[in-house]
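Engineer: have a look at this prediction, sequence included:
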Amino acid sequence: MSYRRTEPVVRAAAKAGMSAASAYRLLKDARPPSQRKEPRGRRCPDPLEGIFEEEVVPLLEAAPGLRPIAVYEELRRRHPDEAFGSRRTLERRIRSWRALHGPDREVIFRQVHEPGRLGLSDFTAMGGLGIIVAGAPLDHMLYHFRLPCGGFEHAHVILGGESFVALAEGLQNALWSAGGAPRLHRTDSLSADFRNLEADARADLTRRYEALCAHYGMEPTRNNTGVAHENGAIESAHAHIKAALGDALLLRGSSAFDTLADYRRFIDEVVIARNRRHAAAIDAERASLLRLPDTRTCDYEEVLVTVTSSGGFTLRKVFYTVPSRLVGHRLRVRLYDDRLDLFIGGTRLMTLRRGRSGDRGKHGHVVDYRHVIHSLRRKPMALMGLVYRDSLFPRTAYRAMFDHMVEVLGDRAACRVMVELLSLAHERACEAELASLLEADLAARRIPDMAALRSHFAPDPADLPMVVVQLGSLACYDSLIVPGEAA
């Protein structure tokens, strides 16, 4: 175009290094070819014409959080006879409208984690893995601790729900496994700990949590209620550890475990393998952690209970049996997540498995038939209407045999025979072997032969012979002394 100011078109084109035809085309339209192409219009009518601006936009402005599927269903309700495009068409149009006219969205600010500064705790449900322990589905959660800087993780199986006891036990296990404590400890709002508690109980839990953190020199912090991304360094790790556990279960070939200890060992192996990948970063952060105290602090709740005439006590809507000699005594109970330690005064008596109440507030039972069998032998018919009858049977075979005997023999005879079976299992210490014999009788639809069973598990301790030992005189030992040698 500069040459064209002083030269004809043909000569200007030659000096510019183009053809005359190109020069004449540029004179008509100076835009480059990429800008001359007209925008492609619609090849078919807009299915949302007259609907999107008139109906959809007012819905989105009135309720910014409305999902596209809800808008789609509402349009189908309003216009049942009209075809206004597919659901995907509407979703794309709503997404584009929100990008131009929608409300501002919350921004996530990525954080730089300093070594030894922050540790995070949270609980996550584990129902999706389908874990089976001792033939029954395991209803449990996972306590998860993480140091976000180095990547250290710790996981602990929780049999109950979120509680201070579960947090205290899992957190202390994690800190001693890490070899130190961070300066800050963050949890969620701990709403599960405080739900349905009185103000005094909530304040007590707060004091205990603060005392737990103070024991390790940590400052307790919490993220805001319902804002999960404030705890994102561990919330996102939940999905990763569950995926790792799922893969490990697939490689193992089964999600069934013989005992809870086997399942806990499996969790530890997976977590250790994950920590091994970050060994260098974890070792580097470990130097910045606070030094651990000489001892752990308590990770249990202590409760006083009274043993009633029913041969046990009720704690947290669960009835526990104890030896009947404790009736009327007050016991000190240390309540852990998975067990109860019983004390009378300062003397430790026993450990019981911790039970859980049922759905809709139904009371649970943790019953040992050995505690009540002596009284049940004197009142066998009490078995028929016993509140905790199903929990009294130590194995499934005993329960199934009782149902079979009730059907065949009637209530009175069935109770008498079942009490004798339980008494035999207790006195001869043959619970497991007797259960296998009962399974064989059930398969053959037979009633147990008590005389044959007593003979099978002979001898009866009452029939053992009396052995009389004659003790020699102490003077006869003098002959063993060699004269002249020191004793």
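Structural biologist: Now that the structure is in, tell me what you want to look at.

Engineer: number of nearby residues for the closest residue to residue 336 other than its chain neighbours?
Structural biologist: Leaving out its chain neighbours, the residue that sits closest to residue 336 by C-beta to C-beta, 6 or more residues apart in numbering is residue 300, at 5.1 Å. In short, each C-beta sits where N, CA and C put it, glycine included. By other C-beta atoms under 10 Å, the residues close to residue 300 number 17.

Engineer: again, but for residue 38
Structural biologist: For residue 38, the neighbour count with other C-beta under 10 Å is 5.

Engineer: contacts for the helix or strand hosting residue 283 next, please.
Structural biologist: Assigned by DSSP states H and E, residue 283 belongs to helix 279-286. With C-beta atoms under 8 Å, 6 or more residues apart in numbering as the test, helix 279-286 has contacts from 115, 116, 147, 149, 150, 151, 152, 178, 179, 180, 275.

Engineer: quick one, what contacts residue 330?
Structural biologist: Residue 330 neighbours (C-beta under 8 Å, 6+ apart): 304, 305, 306, 307.

Engineer: now do the helices in the stretch 151-300 of the chain.
Structural biologist: Per DSSP state H, counting those that start in this stretch, the stretch 151-300 of the chain carries helices over the ranges 164-178, 191-194, 199-215, 232-252, 260-276, 279-286.

Engineer: quick check: closest non-adjacent residue to residue 245.
Structural biologist: residue 270 (5.6 Å).

Engineer: please work out which of the helices of the stretch 151-300 of the chain is packed deepest.
Structural biologist: helix 164-178 (a mean of 21; mean count of other C-beta atoms under 10 Å).

Engineer: what's next to that helix, contact-wise?
Structural biologist: 119, 121, 123, 141, 143, 145, 147, 152, 154, 156, 158, 160, 181, 185, 187, 190, 193, 205, 208-209, 212, 216, 282, 286, 289, 292, 296-301, 335-337.

Engineer: return it as PDB; C-alpha atoms alone will do.
Structural biologist: Output of helix 164-178 as PDB, limited to C-alpha atoms (Å, rounded to 0.1, in the frame of the first residue of the first chain):
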ATOM      1  CA  PHE A 164     -12.900 -37.800  72.100                       C
ATOM      2  CA  VAL A 165     -11.700 -41.300  73.100                       C
ATOM      3  CA  ALA A 166     -11.200 -42.300  69.500                       C
ATOM      4  CA  LEU A 167      -9.400 -39.000  68.700                       C
ATOM      5  CA  ALA A 168      -7.200 -39.200  71.800                       C
ATOM      6  CA  GLU A 169      -6.200 -42.800  71.100                       C
ATOM      7  CA  GLY A 170      -5.600 -42.300  67.400                       C
ATOM      8  CA  LEU A 171      -3.800 -39.000  67.800                       C
ATOM      9  CA  GLN A 172      -1.400 -40.300  70.400                       C
ATOM     10  CA  ASN A 173      -0.600 -43.500  68.300                       C
ATOM     11  CA  ALA A 174       0.100 -41.200  65.400                       C
ATOM     12  CA  LEU A 175       2.400 -38.900  67.300                       C
ATOM     13  CA  TRP A 176       4.500 -41.700  68.800                       C
ATOM     14  CA  SER A 177       4.700 -43.300  65.400                       C
ATOM     15  CA  ALA A 178       5.900 -40.000  63.800                       C
END
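
Engineer: what's the angle between it and helix 199-215?
Structural biologist: 10 degrees (axes from the mean of the first three to the mean of the last three C-alpha atoms, to 10 degrees).

Engineer: starting at the chain centroid, how far to helix 164-178?
Structural biologist: From the chain centre to the centre of helix 164-178 is a distance of 15 Å (C-alpha atoms, centre = their mean, to the nearest Å).

Engineer: and it with helix 260-276, angle?
Structural biologist: Using the same axes, to 10 degrees: helix 164-178 against helix 260-276 is 50 degrees.

Engineer: sorry, back to before: filter the contacts of residue 330 down to the ones in strands?
Structural biologist: 304, 305, 306 (DSSP state E).

Engineer: who's in contact with the helix or strand residue 424 falls within?
Structural biologist: Secondary structure assignment for residue 424, by DSSP H and E: helix 411-427. Helix 411-427 has contacts (C-beta under 8 Å, 6+ apart) with 369-370, 373, 376-377, 380-384, 392, 394, 398, 401-402, 405-406, 408-409, 430-431, 434, 438, 447-448, 450, 453-454, 457, 461.

Engineer: could you rerun that using 6 Å?
Structural biologist: Residues outside helix 411-427 that contact it (C-beta atoms under 6 Å, 6 or more residues apart in numbering) are 369-370, 373, 376-377, 380-381, 383-384, 402, 405-406, 431, 434, 450.
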